[in-house]
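Trainee: predicted structure and sequence below. I'll ask about it afterward.
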Amino acid sequence: MHPPIGDRQLLKGMLTFAKPYRKLILYALLLTFFIVIASLAQPFIIKVAIDSYIKMNDYQGLMYLGIIYFILILVSSICTYFQNNILQYTGQYVIYDFRQAIFKHFSLMQMSFFRKNPIGRLVTRITHDVEALNQLYSQVIVNLVKEVLILIGIIILMLYMSVNLTLICFLVIPVIAIVTFYFKTVLRKTQRNLRTILSKLLSYLAENLSGMSVIQLFAREGKQLDRFNQLNEEHYRAGMHQTVVNSIFNPSIGLFGNISLALLVWYGGRSVLDSSITFGTVYAFTHYVRQFFEPLRGLADRFNQIQAALASAERIFETLETKPTILNPVHPMKLPEKVQGNIVFQNVWFAYQHEEWVLKDVHFRINQGETVGVVGATGAGKSSIIQLINRFYDNQKGTISLDGINIKEVHLNDLRKHIGIIQQDAFVFSGTVFDNIRLNHKHVSDEEIIKAAKAVNVDSFFRMLPQGYETMLGEEGTVLSAGQKQLLSFLRAMIADNDVLILDEATANIDTETEQAVQETLREMSKNRTTIIIAHRLSTIQYADKIIVLDKGRIVEIGNHQQLLRNQSMYYQLCMNQTKGKQVKVKV
């Protein structure tokens, strides 16, 4: 958990993102200066007209004042138009940078970060929280300056016209300060609570939409709906609480404004009757009092927006300050363009949680060009070996080396471009079949992809899709079966042509006929290439040069298929279990 981030630190961070657009913001502030002058001058012109020109029946002077008044209105309107456009552009630019920074940060985070943070929570950061900051940059900052300048200008003009009348009008200011200070804490708390509940709601929604097939399969629709309704009710109540707080705070500012106006009418009217103050002064004061409390009401709204923005900014900067634990070395060692593929695990210990060891003192060597199978019961640590080789996670003890170089001393991109993984559950992105197979290898032509598909006898399958290889896949396109996704993943690895190939139960979801063709291709691909096969079906690794048998995070056996059968130990028992107790053929 991070300690709470202070307001000053949050504002400093938000201003950092605005810094590239400081010229636009300064231009908007300059326009604000003209808008404020035009706004403040209008009541004063009317005061002069009443006290000087109307009393003297000076029609020419009134005409000049009318022209000046019209010009001020025109200038104010033009400045406001350009200011609004500049602010909207600035706000959009800044939130674009925020979203880019957050997504880039997510791409650098280790896998454990995504295990601890539900997807809905991360989506909330990059959507709702960033959008809350848009209001800060596009409206709040410059308008806040405008409203403060208006307040200062009104105070100066009112004091210039009448000190006594000014003091009478401002009797309510201390009360407003106390109310604002109190609501500051309340509003921040309600905003933070609302965002937290919204994050939970979106996380739950994303989880249930992803697992809807399981929910329907086990007839849990009612229970899941009850939980959703509970979260929805919490969000509703949090939103209503925020609304109630706002409905008390905003009108209270208007109430004090009306009280101040009532004091003005009482004292000012009496002063006009005894001729100590002119009627034009009282008339101007009524405008300035209304103008004074309009910015205060505006400041109340800005205050709400600032609290919402600070609550969101707090969550965003907490996320951005969460440092990745899988880091590139300061001075990385460079791997050659083509690595040999010698992999050594030396006394490796690894735990996802503190000292809950998944791998315990694991030691083995895979030589260049070898095909190695890794087997064991569920939870034995097979998949963890893959995660460590790619540095999706880092081992806590021991070393893992590739061609004699500690993989922690190599840049992540340099390491991963040499290691290809064919996963059991392949992910399909939005895009065509070509795009999903090619991924980052832009130099690979469509013809090369088709040739690779023909090599494993799956070209006909892709041609059967609605638009062939141009068929759109992903959320808005054709939905592939688990086996079809595996074929796609297999072709990705073929196109990448990595020096080290890892198969995570790569043929589990493929039909028998296609599997035979794929197995033959795998044997060809494995020649002169280091290959690691994580297997549940032991028939897929019988041809391996050696097999590593894991049990509860420790290596219990290493040997080829026949050697391990002759040992009649754990591997032999696994084979017996898969053949339902039938005699396993052992070569003598």
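Mentor: That came in fine, so what should we check first?
Trainee: what about K454, distance to S481?
Mentor: Distance, K454 to S481, using C-beta to C-beta, to the nearest Å: 21 Å. No exception for glycine: its C-beta is placed from N, CA and C like everyone else's.
Trainee: contact partners of stretch 413-425?
Mentor: The contact list for stretch 413-425 (C-beta atoms under 8 Å, 6 or more residues apart in numbering) reads 332, 334-335, 339, 386, 389-391, 402, 407, 482, 485-486, 489-490, 492-493, 496-506, 508-509.
Trainee: those residues in strands, which ones?
Mentor: Of the positions in these, L402, V500, L501, I502, L503, D504 sit in strands, assigned by DSSP state E.
Trainee: so who does the last one touch?
Mentor: D504 makes contacts with S383, I386, I421, I422, Q423, Q424, I534, as judged by C-beta under 8 Å, 6+ apart.
Trainee: most neighbours, which of the residues you listed?
Mentor: I422 (25 neighbours; other C-beta atoms under 10 Å).
Trainee: just name the shakiest helix or strand of the chain by mean pLDDT.
Mentor: Among the secondary structure pieces of the chain, namely its helices and strands, helix 512-526 has the lowest mean (mean pLDDT, DSSP states H and E), a mean of 69.
Trainee: now the following helix or strand past that helix against strand 500-504, angle please.
Mentor: Stepping forward along the backbone from helix 512-526, the first helix or strand reached (DSSP states H and E) is strand 530-534. Computed with axes from the mean of the first three to the mean of the last three C-alpha atoms, to 10 degrees, the direction of strand 530-534 lies at 10 degrees from that of strand 500-504.
Trainee: what about strand 530-534, distance to the chain center?
Mentor: On the basis of C-alpha atoms, centre = their mean, to the nearest Å, strand 530-534 is displaced by 35 Å from the centre of the chain it belongs to.
Trainee: mind telling me what element T399 is part of?
Mentor: strand 397-402.
Trainee: tell me where the model's unsure across the stretch 1-150 of the chain.
Mentor: Counting by pLDDT under 70, the stretch 1-150 of the chain contains low-confidence residues at 1-7, 55, 120.
Trainee: P329 and I405 touch, don't they?
Mentor: No. P329 sits out of contact with I405 when judged by C-beta atoms under 8 Å, with a separation of 10.9 Å.
Trainee: go ahead and report the secondary structure state at N164.
Mentor: With DSSP: H, G, I helix; E, B strand; the rest coil as the basis, N164 sits in helix.
Trainee: residues near it, how many?
Mentor: The local packing count at N164 equals 12, with neighbours defined by other C-beta under 10 Å.
Trainee: equivalent analysis for L538, please.
Mentor: One way to gauge burial is a neighbour count; for L538, by other C-beta under 10 Å, it gives 19.
Trainee: need the pLDDT of it.
Mentor: According to the predicted model, the pLDDT of L538 comes to 80.
Trainee: ok, it to M570 distance?
Mentor: From L538 over to M570 the distance is 12 Å, taken as C-beta to C-beta.
Trainee: and the strands in the stretch 301-450 of the chain?
Mentor: Under the criterion DSSP state E, counting those that start in this stretch, the stretch 301-450 of the chain contains strands at 343-351, 357-366, 371-376, 397-402, 405-406, 419-422, 431-432.
Trainee: mind checking those for the one nearest to F292?
Mentor: Between F292 and the strands of the stretch 301-450 of the chain, the shortest gap by C-beta to C-beta is with strand 431-432, which sits at 57.7 Å.
Trainee: N193 versus the residue positioned nearest the centre of the chain, what's the distance?
Mentor: Taking C-alpha atoms, centre = their mean, the centroid of the chain lies closest to I126, which sits 3.6 Å from it. Applying C-beta to C-beta, the value for I126 to N193 is 21 Å.
Trainee: likewise G211?
Mentor: Following C-beta to C-beta, the distance that separates G211 from N193 is 27 Å.
Trainee: neighbour-wise, which of these two wins?
Mentor: N193 (17 against 13).
Trainee: shouldn't the more buried one be in contact with A238?
Mentor: Yes. Between N193 and A238 a contact is recorded at 5.4 Å, counting by C-beta under 8 Å.
Trainee: the longest helix along the chain - what's its average pLDDT?
Mentor: Among the elements of the chain assigned as helix by DSSP state H, the one spanning the most residues is helix 221-273. Here the mean pLDDT over helix 221-273 is 79, rounded to a whole number.
Trainee: give me the neighbour count for N342.
Mentor: Residue crowding around N342 was assessed by other C-beta under 10 Å; the count is 18.
Trainee: just checking, it touches D403?
Mentor: Yes. If you go by C-beta under 8 Å, N342 and D403 touch, sitting 5.2 Å apart.
Trainee: overlap in contacts, those two.
Mentor: By C-beta under 8 Å, 6+ apart, no residue touches both N342 and D403.
Trainee: what comes up buried for stretch 260-279?
Mentor: S260, L261, L263, L264, Y267, G268, S271, V272, I277, T278, F279 (16 or more other C-beta atoms under 10 Å).
Trainee: the second one and R290 touch, don't they?
Mentor: Right, L261. Yes. At 7.1 Å, L261 counts as touching R290 under the criterion of C-beta under 8 Å.
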